[in-house]
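Student: Everything below, folded, please.
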Amino acid sequence: MATSKKPTTLSGIQPSGKLHIGNYLGALKNFVELQNEYQGFYMVADLHALTEDIDPKERLAQTLEIAAAFIAAGLNQKKSVLFVQSFVPAHVELGWIFTTLLPVAALERMTQYKDKAARQTKNVNAGLLTYPALMAADILLYQPPVVPVGDDQAQHLELTRLVAKKFNQRYGDTFVLPKALHTRIPRLMSLADPTRKMSKSEPTGCLFLDDTPQVIEKKIKRAVTDTSSAPTKEMSAGVKNLFLILEACGDKKNHNALTAAYQKGTLRYSELKEKVADATSKELAPYQKRYKDVIENKAALKRVLTDGAKRAAHAADTTLKNVKERMGILLS
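Tutor: Numbers count the residues shown, from 1 in each chain. Coordinates of the predicted model:
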């Protein structure tokens, strides 16, 4: 099987709910831009989603929906590898190996473990705790020098580097220590509460990728702007968030004009919201059309994922074989 001479990178999205514009602008669109420079391995992280309570039928449907979203965003199967995490057993095997190297205390300090345990109090499973070990395996199997991450994933990447260092020190140089490749788009905040990250759990403040122009306009019209009655020189979080969406959607002309109006004190928030709604709808329209075409042909989509799993397994199994030989758990 031919291998690319490009450096690798790895990222994934969980099939645990609808995607929103923050996922698109901060992740999917970024992955597409990276595929000319890197040999990208992009996965639907279905094993990670097992830590949440999801109906099996919904989980299968969401797995295909996430895969379709990758393709609709522009991922090219000739340049990148798209696969489902559970189709490549090496992820689980290396993940278990990494649990034997990571201190429990380090796992308990992970912010995501604390947040998820607090949210799903009736299902604080061991997978929530060992999640970072599997994530480290996801990354290190493909030996990427860089990993595209948002600010909220920096802690996970640091733990990945920690386990790679521990393995290298104990068994010899094996893993590249990946560095963070931060996305150009900072996290988008909720339209309803701009002090919180945009999330599917708060639908009124979230712009979903399948929202119609009418729904987008309605949500943005209701977006919080200034929350203080006192005048201030600093742009409020809500207004800043709307400008960020406008800029991320590529409407530079209106972004510059409205920024100038804000600085002069003549900006009308109704106009800002109108331009943001229009830019968002125009940005999502091509994606929504491609997504409809892809998701309707499930047979073709499954073939893409089957082929992607074979290509991913070729790279992952090579790394795992080397790991097991160094640990003395594989006969040469």
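Student: list the buried ones in the longest helix along the chain?
Tutor: In the chain, with assignment by DSSP state H, the single longest helix is helix 298-327. Using 16 or more other Cβ atoms under 10 Å as the test for burial, helix 298-327 gives 301, 304-305, 308-309, 311-313, 315-316, 319-320, 322-324, 326. Placement of C-beta: from N, CA and C, glycine included.
Student: what does the average pLDDT come to for that helix?
Tutor: What helix 298-327 shows for mean pLDDT is 97.
Student: Which strands or helices does that helix pack on?
Tutor: strand 39-44, helix 56-73, strand 80-84, helix 90-99, helix 154-171, helix 269-296 (3 or more Cβ pairs under 8 Å, 6 or more residues apart in numbering; DSSP states H and E).
Student: Tabulate those in CSV, adding columns for distance to Gly12 and mean neighbour count.
Tutor: CSV is the format used below for the helices and strands packed on helix 298-327 (distance: least, Cβ to Cβ, whole Å; neighbours: other Cβ atoms under 10 Å):
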stretch, distance to Gly12, mean neighbour count
strand 39-44, 4, 26
helix 56-73, 9, 19
strand 80-84, 9, 24
helix 90-99, 10, 19
helix 154-171, 12, 17
helix 269-296, 18, 17
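Student: for the ones you listed, which one sits closest to Ile21?
Tutor: helix 269-296 (6.6 Å; Cβ to Cβ).
Student: what angle do that closest one and helix 56-73 make?
Tutor: Following axes from the mean of the first three to the mean of the last three Cα atoms, to 10 degrees, one obtains 110 degrees for the angle between helix 269-296 and helix 56-73.
Student: Helix 269-296: how far from the chain's middle?
Tutor: 20 Å (Cα atoms, centre = their mean, to the nearest Å).
Student: Mind giving me the packing neighbours of it?
Tutor: helix 21-23, helix 56-73, helix 213-221, helix 237-248, helix 252-264, helix 298-327.
Student: what sits against Pro194?
Tutor: Taking Cβ atoms under 8 Å, 6 or more residues apart in numbering, we find Pro194 in contact with 224, 236-238, 240-241.
Student: Please repeat the previous calculation with a cut-off of 10 Å.
Tutor: 188, 205, 223-225, 227, 236-242 (Cβ atoms under 10 Å, 6 or more residues apart in numbering).
Student: can you put these in a markdown table and add neighbour count?
Tutor: Formatted as a markdown table, these follow (neighbours: other Cβ atoms under 10 Å):
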| residue | neighbour count |
| --- | --- |
| Leu188 | 23 |
| Gly205 | 22 |
| Ala223 | 24 |
| Val224 | 19 |
| Thr225 | 19 |
| Thr227 | 11 |
| Ser236 | 15 |
| Ala237 | 17 |
| Gly238 | 21 |
| Val239 | 20 |
| Lys240 | 15 |
| Asn241 | 24 |
| Leu242 | 25 |
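Student: buried set for stretch 22-40?
Tutor: Result for stretch 22-40 [16+ other Cβ under 10 Å]: buried residues 22-32, 34-35, 38-40.
Student: Low-confidence bits of the stretch 101-250 of the chain, can you list those?
Tutor: 227-233 (pLDDT under 70).
Student: now the helices for it?
Tutor: Secondary structure of the stretch 101-250 of the chain (DSSP state H, counting those that start in this stretch): helices at 104-108, 111-119, 126-140, 154-171, 213-221, 237-248.
Student: can I have stretch 203-223 written out in CSV, keeping just the CAs?
Tutor: Extracted as CSV, the C-alpha positions of stretch 203-223 are listed here (Å, rounded to 0.1, in the frame of the first residue of the first chain):
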residue,chain,number,x,y,z
PRO,A,203,-30.2,24.9,21.1
THR,A,204,-31.5,28.5,21.3
GLY,A,205,-27.9,29.8,21.4
CYS,A,206,-26.5,27.4,18.9
LEU,A,207,-26.4,27.6,15.1
PHE,A,208,-26.7,24.0,13.8
LEU,A,209,-25.3,23.1,10.4
ASP,A,210,-28.8,22.0,9.2
ASP,A,211,-30.5,25.2,10.3
THR,A,212,-32.5,26.9,7.5
PRO,A,213,-31.8,30.6,6.7
GLN,A,214,-35.1,31.4,8.5
VAL,A,215,-34.0,29.6,11.7
ILE,A,216,-30.6,31.2,11.5
GLU,A,217,-32.1,34.7,11.2
LYS,A,218,-34.4,34.1,14.1
LYS,A,219,-31.7,32.8,16.4
ILE,A,220,-29.3,35.7,15.5
LYS,A,221,-32.0,38.3,16.0
ARG,A,222,-32.4,37.1,19.5
ALA,A,223,-28.6,37.0,20.2
